[in-house]
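pasting a predicted model and its sequence here:
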Amino acid sequence: MDWSETRKKLLSLGKGCRRDGAEPVEGSGGEFAICLDPGIYRRGASDVAHAPRRVIPTPRAASLCIASGKGGTGKSVVTASLSSLFSARGQTLIVDADLGVGNAHILQDVSPLKSFVEVVEGESQVRDVLAACSERCDLLAGGSGIPRMAALSDYELHLIAEGIQELESEYRFMLVDSAAGVSRQTMAFARGCDLTLVVTTPDLTAMTDAYAFVKVLVGKKPQSRPLLLVNRARSETEANEVSKRIQRVCQRFLGSAPKYIGWLPDDDKVIDCVNRRGAVSLLEPYAESSRALRKLAVVLLEELGKLHSAGLGRSLVDIVEYSRDR
Ligand SMILES: Nc1ncnc2c1ncn2[C@@H]1O[C@H](COP(=O)(O)OP(=O)(O)OP(=O)(O)O)[C@@H](O)[C@H]1O
Ligand SMILES: [Mg+2]
């Protein structure tokens, strides 16, 4: 399959404007685009020919992967609440990277007509898969009960990566609701994001798998500085103990430890909201877990703000092409 041809086709679909209407921000990094000086429109035609052109970098969405080694730690629940909190700050895209058994759409209470399945089958472009969850939040849905989506070929992953790249200047944030585990494609999404939040619970197996996840991530992307969230803790003390245990093991065997950035209480309101198909921070804003999620969002926005966004789609393209060429 000729990938460069595929890329040309996808790119020829044209680049859109930012959905939040924001102008490209000078100095925000990323691929360079030529932008005409806005003053050009006020000048005469002869001036236009000599109008100076400013080269302004196209902004790319800051991307965060919500990941875990073990399944059921709360990735989708956290993603759903973060999407509502982040979207108050800018246009947000949820990427359901649990491609075989995606369920991010359930917590947004939407029924997308299309998913990444149509993309890898060549029937749709990634842009056609966008489903609006709210005015400022969209979703790219994963397949639902499609086992082969859990192990895509490089070409199929490349199609998805190219499509995400097309969208990344239109959003301020991209939140990747990851599949559990350390499969090749799960790790590709984690590596492609600017930041990875590793979610664990106090459960010993979840902690062990959190360590395993960090080990694989750091092995593949040594410059990554994963963040750690302890979910379903019974107290702050328990959460601190869990984080210390994971950090100690990581420090000892990997030479670096994930940064512990917070915890969420075990809260029945979360379960209740899942059954109501919504994010706890939206449906129960005064719940203990919602307060903790708001704190978490503030810290994450701060962490993302420290970084220059490389662009999820662009990074994924590089990761897939590099692994193919090896
Ligand atoms: N803080 C919490 N308090 C109480 N229950 C929680 C909390 N977080 C998650 N849960 C429960 O755990 C369940 C699993 O959460 P979720 O679907 O977000 O996990 P996941 O990591 O996305 O799972 P998967 O690996 O299958 O994608 C939820 O349906 C909810 O019942
Ligand atoms: Mg999930």
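Arrived safely, thanks for sending. Ligands and ions are numbered 1, 2, ... in the order given.

quick one, grab the pLDDT at Pro59.
For Pro59, the model assigns a pLDDT of 84.

does it really touch Ser169, like I thought?
Yes. The criterion here is C-beta atoms under 8 Å, and Pro59 meets it with Ser169 at 6.1 Å. Glycine gets a C-beta too; all of them are placed from N, C-alpha and C.

grab the nearest non-local neighbour of Arg136.
Ser87 (4.0 Å; C-beta to C-beta, 6 or more residues apart in numbering).

tell me who's in contact with the closest residue to ligand 1 within the stretch 101-250 of the chain.
Closest residue of the stretch 101-250 of the chain to ligand 1, C-beta to the nearest ligand atom: Ala180 (3.7 Å). Taking C-beta atoms under 8 Å, 6 or more residues apart in numbering as the criterion, Ala180 is in contact with Ser68, Gly69, Lys70, Gly71, Gly72, Thr73, Lys75, Asp98, Thr186, Asp209.

give the contact list for the fourth one.
When contacts are counted by C-beta under 8 Å, 6+ apart, Gly71 is found next to Ala180, Gly181.

one step back: could you dump the contacts of Ala180 to JSON lines with pLDDT and distance to ligand 2?
Converted to JSON lines, the contacts of Ala180 look like this (pLDDT from 0 to 100; distance: C-beta to the ion, whole Å):
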{"residue": "Ser68", "pLDDT": "97", "distance to ligand 2": "9"}
{"residue": "Gly69", "pLDDT": "96", "distance to ligand 2": "13"}
{"residue": "Lys70", "pLDDT": "96", "distance to ligand 2": "11"}
{"residue": "Gly71", "pLDDT": "96", "distance to ligand 2": "8"}
{"residue": "Gly72", "pLDDT": "97", "distance to ligand 2": "8"}
{"residue": "Thr73", "pLDDT": "98", "distance to ligand 2": "9"}
{"residue": "Lys75", "pLDDT": "98", "distance to ligand 2": "5"}
{"residue": "Asp98", "pLDDT": "94", "distance to ligand 2": "5"}
{"residue": "Thr186", "pLDDT": "96", "distance to ligand 2": "12"}
{"residue": "Asp209", "pLDDT": "98", "distance to ligand 2": "14"}
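
whichever of those end up buried, select them in ChimeraX.
To isolate the buried subset of the contacts of Ala180 in ChimeraX, counting by 16 or more other C-beta atoms under 10 Å, use the following:
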select :68,69,70,73,75,98,186,209
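
residues near Phe253, how many?
10 (other C-beta atoms under 10 Å).

nearest residue to it other than its sequence neighbours?
Lys215 (7.3 Å).

cool, Glu238 as well?
Pro202 is the one closest to Glu238 (C-beta to C-beta, 6+ apart), at 5.7 Å.
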